[in-house]
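Colleague: here are the coordinates; sequence isn't available:
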C-alpha cells in the first residue's frame, strides 16, 4: 500500500515524523470515542464495532527492521550504539513545523482581532522568510528588521525637545537695577518675541531680491539702506537681551547662534562699503557665504512652530510604539501557543528539548522588552490592552449570537439587529483616539478579581495595605523565605528566578510535562499579583524576585489577608483559588483545543467550573457523565486504579475515575456541563473550601456559624472570574522596615536596599 501511494519517495526522517503524527491523530480519535461512552443515549450501542470502525490502517507504519534501523546507530569513534540521533534533516523538519505553528497562531490572533493587519503581516512575513533558510530560526531581532525604523524620527524628536526645552528655560530673574529690570520686562514679553518674528519675515523679501541679479542692479541703493535698517534692529535686539539676561545670555546656544549671525551682518556691511576691494574675487566669495549665513536666521521662525511639530512627532512616535507593543504581545502569545503543542511537533526528545529551550529563551527576551516598553509608556500598554479586551468581548458576543442563530433560538431579523449594535460598538471603539491612563494606587484594589469591587472588602483591605517602592536591582524576596503577604504590581517589572527544580515527587510523577524543561525565569508586569498561592498554602517561596525597573507595589500582609477571610467572607479565599485555577485551566485546555476553538468554546467551558479539595484519607470520584475536564492545580494525587501519580499542573486523563491526595494540600478544578452547573450554583455551600492546617494556627478562621453567615451574605455573588495571569510567589520586606506607608497616602517612600533586599 505504501509503495503504491508513492510514500517511499519521502525521506526516512519525514516518513517517521508523519507516522508519529498519524498515531497521535488516531489516539485523539479514540479519546473522543471514550468520552462519548458516557452519553446515556448511546449506552446500548455496540462499542466494540464502533472502536473497530474508527481504527484506520496507518499507511506510514514502519516494520520492525526499519524501526530498529532508524533508532540504532553506531558512533564512528567509539562504536557505541545510540538509541536516537539528532540529524540535520529531522531538525529542519521540526523548524519548519515550528514556523508553521507560529504563523497559525499569528493568523488566529488576527482573526480574533487581537493583532492588527499590519502587525500580522510583519510577524507572518518574518516567520515565512525563514521557511527555506536551513539552520536559522526566527528571533526578536528579525522582527525588528521587518518593522519600521524609529531612529530618524527619534533623533528629530530629541532635537526638537531640546530646542523647546532650552527656549522655555531662557527666562531668568530680573535685576535689581532699574535699567536692567526695564530691559528684562521688555524682552520677556510676547509682543517683543512676535516683533522679532515679524522683522525676520519682512527681511526675507529684500534678501530674495538681492539674489536676483537684474533686480539687485535696479534696487541696489534701496537694498543697501534696507539692510542697514534690519541690521540696526538685530543689534538693538541683541543689546536688549544681553542687558536683560546678562551673563546667562551666553549660556544658551540659540542666543550665541543669533549673535554670530548679527556679527556676520556687520562684517557684510563693512565689506560692501569698501569700494576699493569690492571686485576682488576672494571677497566676493566671502560675501556670498555671509549671505547664506544670514539666511539661516529664518530658522528662528521655526521656534514658533516647534511645539506643534513636536506634538505631531509625539503622536507618530506613540503610533509606532503602539504598533511595536502589539507586535511584541502577538509574538509572546505565539511562543506561548507553540509551547502547548511542541510535544506534537516532533517525536524526538532531543529536538523537543532544543526547540523548547529556544522558545523559552525567545519568550523571555520578548517579555522583558515588553516590560520595559510598558514601564516607559504605561498609557500605551493600558490603552492597547483595554481596546484588545473590548474587541475580544465583542467578538465573543458575535459568536454567541451566531450560535443562537444556528440553534434556532433567535430569528435572522433579530440577529441582524443585534449584530448591527455589536458592529456599532466596534466602530466606536476603532474611531476612539483617547488615551487611557494607567491605574492609580487608589484604584488598583477595585480591579482585583477576588475582591469583586465589594466596597466593604476593599475598605477592610485598605486598613493595613501599604505602598512599597523598590529601586531597580533591589531584591523583594528570596527563594525559600516564608510568605509574608502578596504584592500587587502598580508599575514596573519584576524578574522571578528559580535556582533548582522541585525534588521528591517530581521524580515519580507520570506527566507529559516531565520531559519539558522547568521554566526557571519569568517576568511580572504591572497589574499582576505575586504571592497569592503561597499565602493560601503557607508554603515557602519557590522563586526569588528582583526588580528590573523601579517597582511600585501595593503590599497586603498575610495576617491581614487571613483576617479578611474570617471577618469579611470566606468566599474571598474561594475566589482567590478560583482565579488561580482559571489561569491554569485555560492553559491546559488550550493544549486540547484547536486554534479555532480558543475563544468561544473555551470561555464557555471556563464559565462552568468549581474548586474541590482532594483529601489524603479517602478516595474521591471525579469523572462522570457531567464532568468534561478535571485539572490538578495544586498538590499531587494518585490514580487509584492505575497506581499512577500526577503532580500539578496536570490535566487528569478521562480514564481516571478515582484519585487520592498524596500531599497535605491538594486542589482540583472540575469543569462541568452547563446543565449540571445550575445545580452546583444552587448548592454552593457544599463546595466552599475548608480552611486547612496550612494556615497559621493563631489565624484559623472562625466557627461554622461564621462560615454560614459569610455564605448567606454572598449567595448572590458570582463566583466566576475572568481569566487571569499565572501567579507566582513572593514575600514582604523585613518586618522591621520603617519605610512602609499607608495605602491611602499619595506619596510613598523608596526602599533603597541592596541586591538581596535586606536592610
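Modeller: On my side now, so go ahead. Because the structure is a prediction, the values reported are computed rather than measured.
Colleague: what's downstream of the longest helix seen in the chain, the next helix or strand?
Modeller: Ranked by residue count and defined by DSSP state H, the top helix of the chain is helix 302-345. Downstream of helix 302-345, the first helix or strand assigned by DSSP states H and E is helix 349-376.
Colleague: Now do that next one: distance to the chain's middle.
Modeller: Chain-centre distance of helix 349-376: 12 Å, with C-alpha atoms, centre = their mean, to the nearest Å.
Colleague: And that helix, what does it pack against?
Modeller: Packed against helix 349-376 by the contact rule (3 or more C-beta pairs under 8 Å, 6 or more residues apart in numbering; DSSP states H and E) you find helix 88-111, helix 140-146, helix 302-345, helix 378-407, strand 521-524. Using the backbone N, CA and C atoms, a C-beta is placed for each residue, glycine as well.
Colleague: before we move on, the earlier item: what is the rounded mean pLDDT of the longest helix of the chain?
Modeller: The pLDDT scores in helix 302-345 average 84.
Colleague: just stretch 522-535 next, same as before
Modeller: In this model, stretch 522-535 carries a mean pLDDT of 88.
Colleague: picking that back up, for residue 153, find the nearest of the helices and strands packed on helix 349-376.
Modeller: helix 302-345 (6.2 Å; C-beta to C-beta).
Colleague: and this protein, what are its domains?
Modeller: Domain assignment of the chain by the TED database yields the ranges 1-64, 74-167+315-376, 170-307, 378-435, 439-499+519-568, 587-672.
Colleague: pLDDT below threshold where in the stretch 501-650 of the chain?
Modeller: Residue ranges of the stretch 501-650 of the chain with pLDDT under 70: 501-519, 593-601.
Colleague: Give me the buried positions along stretch 301-314.
Modeller: 303, 306, 310, 313 (16 or more other C-beta atoms under 10 Å).
Colleague: ok, now which ones touch the last one?
Modeller: The neighbours of residue 313, taking C-beta atoms under 8 Å, 6 or more residues apart in numbering as the test, are 153, 156-157, 160.
Colleague: Now do the SS call for residue 539.
Modeller: coil (DSSP: H, G, I helix; E, B strand; the rest coil).
Colleague: quick one: it and residue 483 touch, right?
Modeller: Yes. Contact criterion C-beta atoms under 8 Å: residue 539 and residue 483 qualify, at 7.4 Å.
Colleague: Which one of these two is surrounded by more residues?
Modeller: Set residue 539 next to residue 483 and count neighbours by other C-beta atoms under 10 Å: residue 483 wins out with 23 against 16.
Colleague: Please name the nearest non-neighbouring residue to that one.
Modeller: Among residues not flanking residue 483 along the chain, residue 534 sits closest, at 4.1 Å (C-beta to C-beta, 6 or more residues apart in numbering).
Colleague: I'd like the next helix or strand past the helix or strand that contains that neighbour.
Modeller: Using DSSP H and E, residue 534 sits within helix 532-537. Sequence order places strand 544-547 as the next helix or strand after helix 532-537, per DSSP H and E.
Colleague: what's next to the next helix or strand after that next one, contact-wise?
Modeller: Later in the chain than strand 544-547, the nearest helix or strand by DSSP H and E is strand 551-557. Applying C-beta under 8 Å, 6+ apart, the contact partners of strand 551-557 are 441, 444-445, 461, 464-470, 474, 476, 484-494, 732-733, 740, 743, 748.
Colleague: Name the member of the contacts of residue 313 with the most neighbours.
Modeller: Using other C-beta under 10 Å as the neighbour criterion, residue 160 leads these with 19 neighbours.
Colleague: Am I right that it is in contact with residue 308?
Modeller: No. Contact criterion C-beta under 8 Å: residue 160 and residue 308 do not qualify, at 10.2 Å.
Colleague: Now the terminal residues of stretch 534-551, how far apart.
Modeller: 21 Å (C-alpha to C-alpha, to the nearest Å).
Colleague: Just the buried residues of it, please?
Modeller: Neighbour-count burial for stretch 534-551, counted by 16+ other C-beta under 10 Å, picks out 534-539, 541-551.
Colleague: And for stretch 225-234?
Modeller: 226-227, 230-231, 233-234.
Colleague: now do stretch 458-473
Modeller: Under 16+ other C-beta under 10 Å, the buried positions of stretch 458-473 are 458, 460-462, 464-470.
Colleague: Which of those residues sits closest to residue 380?
Modeller: For the buried residues of stretch 458-473, the nearest to residue 380 is residue 469 (22.3 Å; C-beta to C-beta).
Colleague: pLDDT score for that closest one?
Modeller: 91.
Colleague: What strand or helix carries it?
Modeller: strand 466-470.
Colleague: Note down every partner strand of that strand and its orientation.
Modeller: Using DSSP bridges, the strands paired with strand 466-470 are strand 551-557 (antiparallel), strand 741-742 (antiparallel), strand 750-751 (parallel).
Colleague: Compute the number of surrounding residues for residue 430.
Modeller: Residues lying near residue 430 (other C-beta under 10 Å) number 12.
Colleague: Distance check, the residue nearest to residue 483 against residue 144.
Modeller: 37 Å (C-beta to C-beta, to the nearest Å).
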